[in-house]
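Asker: Just the structure for this:
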Amino acid sequence: MSQPSSSNAGDLGGGLLESVEALSNEQLLWSVHASRLMPFGAEATGRLFLTTQRIVFCPIKRDPLSGPWAVDRMIVQAVSVKFPEQTISPVPERPLMHISIRDGTAEAFFVVSPKKVARRLNKALFSDQSPS
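Answerer: As a prediction, the model looks like this:
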């Protein structure tokens, strides 16, 4: 995971990644290599960014199945780690980090150390909020 940025994020991604324009006064806090689970089990490889305002995924530019994805931090309901549904495959299944949104949708990502990344996201997203 990269270190926090003290300046405005500018564009997130770039280089080999699709880029997403930063919002006004948005600052990059950290990022991690990730693969977004796509329909039919495909994966889009890229980077997941946590900013002061959003969580953003930027895939590599050559990925025809995916584009950038972003969600406002205020509408994230939970971040959890789950194992995919059991399959007949002899290959062990990797755990997925799920970002659940208040509208009932969720996005799933493969990351190294998913429990650690989920814990860090939960701390950043929910530690400032008082219990309701």
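Asker: Just give me the residue closest to the centre of this protein.
Answerer: residue 48 (4.2 Å; CA atoms, centre = their mean).
Asker: Which residue, other than its chain neighbours, is closest to it?
Answerer: Nearest residue to residue 48, sequence neighbours excluded (CB to CB, 6 or more residues apart in numbering): residue 34, at 4.0 Å. For glycine as for every other residue, the C-beta is placed from the backbone atoms N, C-alpha and C.
Asker: what about that neighbour, neighbour count?
Answerer: Close neighbours of residue 34, defined as other CB atoms under 10 Å, add up to 22.
Asker: Find me the pLDDT at it, would you?
Answerer: Looking at residue 34, its pLDDT reads 96.
Asker: Let me know whether my guess that it is in a strand holds.
Answerer: Yes - counting by DSSP: H, G, I helix; E, B strand; the rest coil, residue 34 is part of a strand.
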